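A.B. asks: Sequence first, then the predicted structure, then my questions.
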Amino acid sequence: MTEDIQAEKDMLKWATAYAHKHGWSLNTDEKQLTTVIKGLVRNKSKFGHPYCPCRLRSGDEEKDMAIECPCIYHKDEVAMMGHCHCNLYFKE
């Protein structure tokens with residue numbers, strides 16, 4: 001259990017730094033943010049990669065690289081919608 005909490009803290013720290021680097025922020029809805037962070041940690045633990053929890057894996061590791069957070073779609077989504085599909089990253 002403590003291992004999961006530390007992994008979630010580490011993932012949140014990484015996501016925060018990534019958002020800051022791009023001039024974005026993370027979701028301010030704590031419940032939604034926690035859900036996405038837990039999903040990333042779960043996928044990393046289960047599959048070895050932090051796949052976006054809001055996208056379906058194909059099972060083909062090469063294809064699924066496209067949905068490893070940050071996925072290949074996130075920059076366009078933030079630019080067009082103001083946030084990524086997972087509602088993790090938001091324009092400031």
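C.D. replies: Received it, and whenever you're ready, just let me know what you need. Numbers count the residues shown, from 1 in each chain.
A.B. asks: Identify all contacting residues around the longest helix that the chain contains.
C.D. replies: In the chain, assigned by DSSP state H, the helix with the most residues is helix 2-21. Identification of contacts with helix 2-21 by Cβ atoms under 8 Å, 6 or more residues apart in numbering yields 25-26, 33-34, 37-38, 40-41, 44-45, 50, 69-70, 88-90. The C-beta positions use only the backbone N, C-alpha and C, and glycine is treated the same way.
A.B. asks: what ranges do the strands span in this protein?
C.D. replies: Here the chain has its strands, by DSSP state E, at 24-26, 89-91.
A.B. asks: is it possible to export those strands to JSON lines including distance to residue 65?
C.D. replies: Shown next, in JSON lines, are the strands of the chain (distance: least, Cβ to Cβ, whole Å):
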{"stretch": "strand 24-26", "distance to residue 65": "22"}
{"stretch": "strand 89-91", "distance to residue 65": "19"}
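A.B. asks: Residue 60 is nearest to which of those?
C.D. replies: Residue 60 sits nearest to strand 89-91 of all the strands of the chain, at 25.4 Å, using Cβ to Cβ.
A.B. asks: Can you point out the buried residues in that closest one?
C.D. replies: Neighbour counts over strand 89-91 (16 or more other Cβ atoms under 10 Å) mark 89, 90 as buried.
A.B. asks: Then stretch 43-58?
C.D. replies: Buried positions in stretch 43-58, judged by neighbour count with 16+ other Cβ under 10 Å: 43, 44, 50, 51, 52, 53, 54, 55, 57.
A.B. asks: hang on, the earlier thing: which parts of the longest helix of the chain are buried?
C.D. replies: 7, 8, 11, 12, 15, 18, 19.
A.B. asks: Quick check: phi and psi on the spatially most central residue of the chain?
C.D. replies: Geometric centre of the chain, nearest residue: residue 69, 4.8 Å, by Cα atoms, centre = their mean. Note on residue 69: backbone dihedrals following degrees, to the nearest 10 are phi -70, psi 130.
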